Each structure stands twice: as structure tokens, then as C-alpha cells.
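*Asks:* here's a sequence, model it:
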Amino acid sequence: MATVIKGHAAGVRVRPLAVDDLDKADRICRFGLLIDACHALGAELGASVLAAGANAGRDRACRVLADRGFRRDFQGVTMHRPNEPGYSTSDSFVIDDWR
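*Replies:* Got it, this is the predicted structure:
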């Protein structure tokens, strides 16, 4: 899925995006490459901050972000009825817009 990135001197926010339709091992690699590309674009735009939101239920996506130096800015809660994982699973590599 393509993404649009809003940028300015203060920072860049990664808009919602997902990596899918690949085998599981390839998703981690592709998600990391996508985050690296967003980081490179932010640097090219002169941004001092790159912001991306991820649900902690997607632990492998969160690990990719943490391995690249991302840190938690705030923590939110999602509630689903019925109480099922939905799209927040270990196999999901998704960036959310939590504004």
C-alpha cells in the first residue's frame, strides 16, 4: 500500500500504511525497508522528527520500529467488540494514524 507523508522543518508524520500479501519472513524485511525509506525522506526534507503510530498488539511491527530508534510518545487503548484480535496481530505490519 502506498503512503503519503506530510513534512515540514519540525517533523514528518508517516500516514497509515501496511505491508501485506507477502510471506511472513518477507513482511518484516519489507516493513523495515519502508520505514527506512520514510526516514530517508524525512532527512531529505530536513525534518528533525519522524512520527509513526503502531498498535502494541502488532509486536513484530513495534519491534521493527524500536530497532530503528522509535520510542513511545503516548499510549492509547483500542477496544473491540467482541473481544477479538481483529487486525492487531503479530502478523500485521501496519502504521496507524493516532492523532
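
*Asks:* surely residue 65 is in contact with residue 35?
*Replies:* Yes - counting by C-beta atoms under 8 Å, residue 65 touches residue 35, with 6.6 Å between them. Any C-beta I mention is one placed from the backbone N, CA and C, and that applies to glycine too.

*Asks:* between the two, point out the one with more neighbours.
*Replies:* residue 35 (23 against 20; other C-beta atoms under 10 Å).

*Asks:* for the helix or strand harbouring the more buried one, packing partners?
*Replies:* Using DSSP states H and E, residue 35 sits in helix 24-44. On a contact count with 3 or more C-beta pairs under 8 Å, 6 or more residues apart in numbering; DSSP states H and E, helix 24-44 meets strand 5-7, strand 12-14, strand 17-19, strand 50-51, helix 59-67, strand 93-95.

*Asks:* so in that sheet, which strands flank the shortest one, and in what orientation?
*Replies:* When pairing is defined by DSSP bridges, strand 50-51 lines up against strand 12-14 (parallel).

*Asks:* okay, the angle between the helix holding residue 35 and helix 59-67?
*Replies:* If you take axes from the mean of the first three to the mean of the last three C-alpha atoms, to 10 degrees, helix 24-44 sits at 40 degrees to helix 59-67.

*Asks:* go through helix 24-44 and flag the buried ones.
*Replies:* Counting neighbours by 16 or more other C-beta atoms under 10 Å, one finds that the buried residues in helix 24-44 are 27, 28, 31, 32, 34, 35, 38, 39, 42.

*Asks:* how much space between the fourth one and residue 86?
*Replies:* The one in question is residue 32. In this view, residue 32 and residue 86 are 24 Å apart by C-beta to C-beta, to the nearest Å.
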